[in-house]
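Q: Sequence and predicted structure, then a few things I'm wondering about:
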Amino acid sequence: MATEDDIAIAAVELTNAAFYAAHEARDLDAMRSVWEHSPRAACVHPGWPILRGWEAVEESWRQIFQGPGRSQFILTNEEVMVDGDMAWITLDENLVDGGNTGTIAATNVFVRTSKGWLLTLHHGSPVLVTASDA
């Protein structure tokens, strides 16, 4: 029998999957549907400054989707934690963009709202490859 935490974890995983599907499809409407539209929304894209507030976050996705790259994500090392009305997923985004590949260590934070679980923070940091890793 599924517990309340199991149900919450499954719902958070679905929202997380929708986030990456929206990213891969470059679908701004789909991206809007997974984010909390509030001043506490925040996003840190690799190499970008901290973006705070839904308007800044939305504009960043608009710019990314209008850019030349097409990204595919292979998600690994995922762990979901739920604590009341907050949840987070830590994971590795194994990014394939054209002929290039790389790994981004990411944290996605979700809040439970009347509309379900919504993303309120995405933070991605590139994983550096050292000579011993190559």
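A: Nice, thanks for sending it over.
Q: Give me the sheet partners of the longest strand seen in the chain and which way each runs.
A: Criterion DSSP state E: the longest strand present in the chain is strand 100-113. When pairing is defined by DSSP bridges, strand 100-113 lines up against strand 86-97 (antiparallel), strand 116-126 (antiparallel).
Q: Restrict it to CA atoms and write it as PDB.
A: Taking Å, rounded to 0.1, in the frame of the first residue of the first chain, the C-alpha atoms of strand 100-113 are listed here in PDB:
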ATOM      1  CA  ASN A 100      29.000  17.600 -27.300                       C
ATOM      2  CA  THR A 101      28.300  15.900 -24.000                       C
ATOM      3  CA  GLY A 102      28.700  17.100 -20.400                       C
ATOM      4  CA  THR A 103      27.300  16.600 -16.900                       C
ATOM      5  CA  ILE A 104      25.500  19.100 -14.800                       C
ATOM      6  CA  ALA A 105      24.900  18.400 -11.100                       C
ATOM      7  CA  ALA A 106      21.400  19.800 -10.500                       C
ATOM      8  CA  THR A 107      19.000  20.500  -7.600                       C
ATOM      9  CA  ASN A 108      15.300  21.000  -8.300                       C
ATOM     10  CA  VAL A 109      13.200  22.300  -5.400                       C
ATOM     11  CA  PHE A 110       9.400  21.900  -5.500                       C
ATOM     12  CA  VAL A 111       6.600  23.300  -3.300                       C
ATOM     13  CA  ARG A 112       3.100  21.700  -2.900                       C
ATOM     14  CA  THR A 113       0.500  24.200  -4.000                       C
END
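Q: buried sites along that strand?
A: Residues of strand 100-113 classed as buried: 103, 104, 106, 108, 109, 110, 111, 112 (neighbour count, 16 or more other Cβ atoms under 10 Å). (Each C-beta comes from the backbone N, C-alpha and C, glycine too.)
Q: One more: stretch 85-104?
A: Neighbour-count burial for stretch 85-104 [16+ other Cβ under 10 Å]: 87, 88, 89, 91, 92, 93, 94, 95, 103, 104.
Q: Straight-line length of that stretch, end to end?
A: Using Cα to Cα, to the nearest Å, the end-to-end distance of stretch 85-104 comes out at 26 Å.
Q: Number the chain from 10, please
A: Got it, first residue is 10 now, which makes that one stretch 94-113.
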